[in-house]
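S.K.: I'll drop the sequence and a predicted model, then ask my questions.
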Amino acid sequence: MTDIQFEKKLITIKTSEEIEIMREAGKILAGIMAEVSAKIKPGIATEYLEEAALALISKHKAKPSFKGYKGGAGLAGKLFPSALCVSINEELVHCVPSERVLKEGDIVSLDLGIFYNGFHSDMAITVLVGKVSLEAQRLIVATKKALKRGISKARAGNTFGDIANAVQRHIEGQGFTVIKEFCGHGIGRNLHEEPQIPNYGKRGEGERIKEGMVFCLEPMAAIGDWKTKKAKDDFGFQMADNSLCAHFEHTIAITKIGFHILTEL
C-alpha cells in the first residue's frame with residue numbers, strides 16, 4: 001500500500017532478530033499473494049479475491065494491515081474497509097474489492113499487507129486477466145523490471161535518490177510515465193514509517209541507506225500522463241486521463257551482505 005502520511009519521523013533501524021521476524025512475515029505474505037493472484041480469471045468478482053485473502057491471512061494467524069487503517073491518502077478520517085486493494089486498468093491504488101467482474105483483457109493490481117508477530121509486511125503485483133494487449137504487457141514488464149532495477153541500488157552507502165533514479169530511468173526509457181503523487185515507504189512495527197521513497201529523482205540525493213533499514217519500494221507507471229484523481233469508490237485513485245497503469249512492490253531489508261527481498265518466495 002502506498003501512502004503519504006507517516007507514523008514516525010525518524011528512520012528506524014531494525015535488529016537482526018526483528019528482520020528475521022519480518023522475513024517470516026514476508027514469506028507468509030508472498031505465499032498468500034501467490035494463492036490469491038492464481039485465482040484471477042475472467043468472470044470472477046473482485047470481492048471473491050478479498051474473501052480468499054482474508055481466509056488465508058487468518059489461516060496463518062496474521063492480521064490484515066489495511067483493513068481498518070485510518071489516516072491514509074484519500075481516507076479523510078475514514079477507515080479503509082478491506083484487507084486487499086484491487087485496482088483495474090486505469091485504477092492505480094487503494095481501490096476496494098466489489099461486485100465488479102473481471103473480464104478478458106483487463107490488468108489488475110493487487111496490493112496487500114499483513115501484520116504478523118508485531119511487524120507489518122507489504123507487497124503489490126500487477127496481473128494479466130487472460131489475453132491482454134501488447135502495450136499492457138510491455139507496461140507490466142517495464143514496471144516490474146523497474147522494481148528490480150531499484151532494488152539493485154538498495155545497498156548500504158547508496159542513497160534513496162540512487163534507487164529513485166534507477167526506477168525513473170528504466171520506466172521512462174521504455175516510453176512510459178512515472179507516477180509522482182505516490183511513493184514507497186519505511187515499514188516495521190508501523191505500516192508506514194520514514195523515509196518516503198519517490199520513484200523519481202537524482203543519484204546521490206536523499207538519505208543514505210544503512211544496514212538495518214527495512215522499506216518498501218513500489219514503482220508505479222502509466223501509459224499516459226502521471227496525474228491521478230479519486231476513483232469512483234472514493235477510496236482509491238486512478239489515472240486522471242484514464243490511461244492504463246501498473247504497480248509492483250516488495251519489502252526490502254538491508255543487511256551486511258546487501259539487500260534481501262522479504263516478500264519473495
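M.R.: That came in fine, so what should we check first? As the structure is a computational prediction, the values presented were derived from the model and not from experiment.
S.K.: From now on I want contacts and neighbour counts done on CA atoms only, so please keep to that.
M.R.: Noted.
S.K.: From L191, how far out is P198?
M.R.: 17 Å (C-alpha to C-alpha, to the nearest Å).
S.K.: Kindly report the same for H185.
M.R.: In terms of C-alpha to C-alpha, H185 sits 9 Å off from L191.
S.K.: can you check A83 too?
M.R.: 13 Å.
S.K.: quick one: common contacting residues for the two?
M.R.: S65 (C-alpha atoms under 8 Å, 6 or more residues apart in numbering).
S.K.: what sits against D111?
M.R.: Per C-alpha under 8 Å, 6+ apart, neighbours of D111: 1, 84-86, 93-94, 122-125.
S.K.: go with 7 Å
M.R.: 1, 84-86, 123-125 (C-alpha atoms under 7 Å, 6 or more residues apart in numbering).
S.K.: Check pLDDT for those residues and point me to the minimum.
M.R.: Lowest in pLDDT among the contacts of D111 is M1, which has 45.
S.K.: Helices of the stretch 101-250 of the chain, residue ranges please.
M.R.: 134-152, 160-173 (DSSP state H, counting those that start in this stretch).
S.K.: Need the winner for burial among those helices.
M.R.: Neighbour counts (mean count of other C-alpha atoms under 10 Å) averaged over each of the helices of the stretch 101-250 of the chain peak at helix 160-173, with a mean of 23.
S.K.: Which strands or helices does that one pack on?
M.R.: helix 134-152, strand 177-178 (3 or more C-alpha pairs under 7 Å, 6 or more residues apart in numbering; DSSP states H and E).
S.K.: Name the residues that touch the longest one?
M.R.: Contacts of helix 134-152 with the rest of the structure, by C-alpha under 7 Å, 6+ apart, involve 126, 163-164, 166-167, 170-171, 174, 218-221, 246-248.
S.K.: 6 Å - rerun?
M.R.: Residues outside helix 134-152 that contact it (C-alpha atoms under 6 Å, 6 or more residues apart in numbering): 163, 166-167, 170, 219, 246.
S.K.: Then the last one?
M.R.: Identification of contacts with strand 177-178 by C-alpha under 6 Å, 6+ apart yields 221-222, 226.
S.K.: still on that earlier bit, generate CSV for the helices of the stretch 101-250 of the chain, with mean pLDDT and distance to K59 as supplementary columns.
M.R.: Shown next, in CSV, are those (pLDDT from 0 to 100; distance: least, C-alpha to C-alpha, whole Å):
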stretch, mean pLDDT, distance to K59
helix 134-152, 98, 29
helix 160-173, 98, 35
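S.K.: hmm, back to that, need the contacts of helix 134-152 in CSV (columns: distance to L49).
M.R.: Output for the contacts of helix 134-152, formatted as CSV (distance: C-alpha to C-alpha, whole Å):
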residue, distance to L49
I163, 32
A166, 33
V167, 29
H170, 31
P219, 23
A246, 18
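S.K.: Contacts only, for I254.
M.R.: Contacts of I254 by C-alpha under 6 Å, 6+ apart are 211-213.
S.K.: and if you look at L217?
M.R.: By C-alpha under 6 Å, 6+ apart, the contact list for L217 reads 184, 249-250.
S.K.: For E51, which three-state class applies?
M.R.: helix (DSSP: H, G, I helix; E, B strand; the rest coil).
S.K.: what's the neighbour count on K256?
M.R.: Residues lying near K256 (other C-alpha atoms under 10 Å) number 11.
S.K.: L262 - how many residues pack around it?
M.R.: 27.
S.K.: got the contact list for it?
M.R.: Counting by C-alpha under 6 Å, 6+ apart, L262 has contacts 23, 26, 251-252.
S.K.: ok, it to I252 distance?
M.R.: 6 Å.
S.K.: Now name the helix or strand holding C85.
M.R.: For C85, the element it lies in under DSSP states H and E is strand 84-88.
S.K.: From the contact counts, what lies against the helix or strand just after that strand?
M.R.: Of the helices and strands lying after strand 84-88 in sequence (DSSP H and E), the nearest is strand 91-93. Using 3 or more C-alpha pairs under 6 Å, 6 or more residues apart in numbering; DSSP states H and E, the elements in contact with strand 91-93 are strand 237-239.
S.K.: Where do the strands of the stretch 151-265 of the chain begin and end?
M.R.: 177-178, 184-186, 193-197, 214-217, 220-222, 228-230, 237-239, 245-247, 250-255, 258-261 (DSSP state E, counting those that start in this stretch).
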